[in-house]
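Undergrad: mind folding the following:
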Amino acid sequence: MTTPLRIRPIEQTDFQAWVPLWDGYNAFYGRKDETALAPEITQATWQRFFDPAEPVFALVAERDGKLLGITHYLYHRSTTRFELTCYLQDLFTDPAARGKGVGRALIEGVYEQAKAAHIKRVYWQTHTTNSAGRLLYDKVAQHLGFIVYSHDV
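TA: Alright, predicted model coming up:
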């Protein structure tokens, strides 16, 4: 019998298990080797999860004491709503656990957290080449057709 998947807020003791998932997420989007994030960014991200002044949060998917996935999300103001909006910024599942409901459970966990915070909209973005992720996203959310532009200044 398989132990049920547990979605829970990240804990300080999760750091060693979180780092490989965080690194895997970043590698998926091309941030590895010479383009890897600076260790200071990883440390700052980690610390934000536990800083009550920061609107940045993390959930983990855990089974039998092993982290199988992570999601990071944040709350922010919007010019088109009174209430805050939730941006699901990062979602990553251990490759060995893919196709087993981990990603869906993490997204639903963010939905639950947003609802508890009286937030009515959760949104995210992904790369057009993330076809496996998009198969899931098309089942749990509506693609609104927006294209993202970015420019570092």
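
Undergrad: could you measure from residue 33 over to residue 27?
TA: 9 Å (Cβ to Cβ, to the nearest Å). Every residue, glycine included, has its C-beta placed from N, CA and C.

Undergrad: for those two, indicate the residue with more neighbours.
TA: The neighbour count for residue 33 versus residue 27, taken as other Cβ atoms under 10 Å, is higher for residue 27 (14 against 7).

Undergrad: looking at it, residue 120 is touching residue 84, isn't it?
TA: No - checked against Cβ atoms under 8 Å, the pair residue 120 and residue 84 is beyond contact range at 9.2 Å.

Undergrad: these two: which is more packed in?
TA: Neighbours were counted for residue 120 and for residue 84 using other Cβ under 10 Å; residue 84 has more, 18 against 13.

Undergrad: contacting residues around the more buried one?
TA: 55, 75-78, 117, 119 (Cβ atoms under 8 Å, 6 or more residues apart in numbering).

Undergrad: repeat that for 6 Å
TA: Contacts were defined as Cβ atoms under 6 Å, 6 or more residues apart in numbering; by that measure residue 84 touches 75, 119.

Undergrad: what of residue 91?
TA: Counting by Cβ under 6 Å, 6+ apart, residue 91 makes contact with residue 71.

Undergrad: is it true that it lies in a helix?
TA: No - secondary structure assignment (DSSP: H, G, I helix; E, B strand; the rest coil) places residue 91 in strand, not in a helix.

Undergrad: who's it bridged to?
TA: residue 71 (DSSP bridges).

Undergrad: how close does it get to residue 127?
TA: As defined by Cβ to Cβ, residue 91 lies at a distance of 12 Å from residue 127.
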